[in-house]
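Just to be clear, the model below is a prediction. Sequence and coordinates:
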Protein chains: 2
Amino acid sequence: MAKEPGTGARDSGRPSPPEVIGTGYLLSALGAHSAMNFARRLAPLDLTPPHVGLLRGIGMAPGRSQQAIADEFGMPASRLVAFIDDLEAAGLVERRRDERDRRAHRLFLTAKGEDVMHRIAEIGQDHEAALLQSLSSAERQQLHQLLERLAVNQDIAPGVHPGYRTMRPDDSAS
Amino acid sequence: MAKEPGTGARDSGRPSPPEVIGTGYLLSALGAHSAMNFARRLAPLDLTPPHVGLLRGIGMAPGRSQQAIADEFGMPASRLVAFIDDLEAAGLVERRRDERDRRAHRLFLTAKGEDVMHRIAEIGQDHEAALLQSLSSAERQQLHQLLERLAVNQDIAPGVHPGYRTMRPDDSAS
DNA sequence: TGAGAATCTTTCAGATGCAGAATGATTATT
DNA sequence: AATAATCATTCTGCATCTGAAAGATTCTCA
């Protein structure tokens, strides 16, 4: 029985690769998990996390052009169109032609949009509570501060983030 | 001028939506960012994070079937095939027919595969260092422990995580 | 033993996310 | 006035991901 292949295999002569799970990995796994759970909670409203991000972006500074918002969120303007279409069809957002520059559409939350934002805030709090349930209040604060430091350091835009899948391997490594 | 639509609009009568950026959001943004940077560093090796996850999975317990690995990683077995094809074409992984069950393929790292794993470990450390550069050593430890607690609590599988995009809105909310 | 059910891999077809080029309308530049 | 730049939109193409066949093998149990 020299190999015992069925069970575990933990005894070759080689230096085994490091077992530690990196913080970066934890971050990305937890982030994906958190986003997925949030998406689940959002599904009954027929919204996705990007929709919500945009709603927030519009609500916090109404009247901006699609281009401006696309820039803030780091997405191509062409991608924004479909999202705004959805939000407008749902009656949450209004496109108004800019009178000073009739190429541009200025975006506003409707009254219904603002109501939905409050509903979303509740959902967000539930989600947050579920996510952090294993941490004490002090620990939650600690965690939040540490993450905020990282975010500032990496200058994360407060917007919609694509998955790494979006990465084209032809850019230069950081 | 009752509306003043041009400038900022920060003065309606409504209760403005909460400004706080949730920890869940930070997590997901940082996670996406981290995964993207890691993907960038991996690109010269012609590998993606899922490839690396699988390599690790195979290296840590060689000889398992594709089905077993697909289960561990929470992905459909059909999706695994292409990844293993890639890894095998690159000479990092070997498929061997299981003699006891000739339907199954058992997966092993080649010597080259193990070498690449070590290179990947280096890359991971660089990545980690860049990510955490703004934190003291004690803070890094704190952060890691807090995240680990969350991961355990949410029982995150140590595998390949799809983005929330994968979520079909027809499942039940958690 | 032998027939049908289950299991493993693989291929294939379809849905979705995403970026970038092309287009039409409008505005800025000179 | 003519040309260039800018905004929104549409369209095309590529990558990711899933689930449904299909072929090979093994299991079940009558």
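Structure received. Numbers count the residues shown, from 1 in each chain, chains lettered A, B, ... in the order given.

where are the low-confidence patches of chain A?
A:1-20, A:157-174 (pLDDT under 70).

Next one: the one residue in it that gets nearest to chain B relative to residue B:151, how far apart?
At 2.1 Å from chain B, residue A:31 is the closest residue in chain A, using Cβ to the nearest Cβ. Where you see a C-beta, it was placed from the backbone N, CA and C, and this is true even at glycine. Distance from residue A:31 to residue B:151, counting by Cβ to Cβ, to the nearest Å: 11 Å.

Of the two, which one has the most company?
residue A:31 (27 against 20; other Cβ atoms under 10 Å in any protein chain shown).

got the contact list for that one?
B:27-32, B:34-35 (Cβ atoms under 8 Å, 6 or more residues apart in numbering or on different chains).

in chain A, which spans are helices?
A:23-42, A:49-60, A:66-73, A:77-89, A:111-131, A:137-153 (DSSP state H).

Which residues of chain A lie near DNA strand D?
A:65-67, A:70, A:77-78, A:80-81, A:84-85, A:95, A:101, A:103-105, A:163, A:165 (Cβ under 7 Å from any atom of the strand).

Buried among those? Need that as a selection in PyMOL.
Restricted to buried positions by 16 or more other Cβ atoms under 10 Å in any protein chain shown, the PyMOL selection for the residues of chain A next to DNA strand D reads:
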select buried, chain A and resi 65+66+70+80+84+104+105+163
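
residue contacts, residue A:83?
By Cβ under 8 Å, 6+ apart, the contact list for residue A:83 reads A:50-51, A:54.

now do residue A:113
A:55, A:58-59, A:87, A:91-93.

what's the answer for residue A:55, then?
Counting by Cβ under 8 Å, 6+ apart, residue A:55 makes contact with A:47, A:87, A:92-93, A:109, A:113, A:116-117, A:120.

10 Å - rerun?
Contact analysis of residue A:55 by Cβ atoms under 10 Å, 6 or more residues apart in numbering or on different chains lists A:47, A:83, A:87, A:92-93, A:107, A:109, A:113-114, A:116-117, A:120, B:17.

and of those residues, the nearest to residue B:43?
Closest approach to residue B:43 among these (Cβ to Cβ): residue A:83, at 28.6 Å.

if I look at the closest one, how far off is residue B:115?
45 Å.

repeat for residue A:122
On the measure of Cβ to Cβ, residue A:122 and residue B:115 end up 52 Å apart.

about what we covered before: and the two most separated of the contacts of residue A:113?
Greatest spatial distance among those (Cβ to Cβ): A:59 and A:91, at 14.7 Å.

and the two? which has more neighbours close in?
Comparing residue A:59 with residue A:91 by neighbour count (other Cβ under 10 Å), the higher total belongs to residue A:59, at 21 against 12.

Verify the contact between that one and residue A:87 for me.
No - under the criterion of Cβ atoms under 10 Å, residue A:59 makes no contact with residue A:87, lying 11.2 Å away.

tell me, what's touching those two both at once?
In contact with both residue A:59 and residue A:87: A:93, A:107, A:109, A:113, A:116, using Cβ under 10 Å, 6+ apart.

Give me the buried subset of the contacts of residue A:55.
Among those, those scoring as buried are A:47, A:83, A:87, A:92-93, A:107, A:109, A:113-114, A:116-117, A:120, B:17 (criterion: 16+ other Cβ under 10 Å).

I'd like the residues you listed laid out as CSV, including distance to residue B:136.
Shown next, in CSV, are these (distance: Cβ to Cβ, whole Å):
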residue, distance to residue B:136
A:47, 39
A:83, 40
A:87, 43
A:92, 44
A:93, 44
A:107, 42
A:109, 42
A:113, 43
A:114, 42
A:116, 42
A:117, 38
A:120, 36
B:17, 35
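
near DNA strand C too, which of the residues you listed?
The subset of the buried ones among the contacts of residue A:55 within reach of DNA strand C, counting by Cβ under 7 Å from any atom of the strand, is empty.

re earlier: of all the contacts of residue A:55, which comes closest to DNA strand D?
residue A:107 (7.6 Å; Cβ to the nearest atom of the strand).

dump the residue contacts of the closest one.
Contacts for residue A:107 (Cβ under 10 Å, 6+ apart) come out as A:54-55, A:57-59, A:61-66, A:68-69, A:80, A:84, A:87-88, A:93-96.
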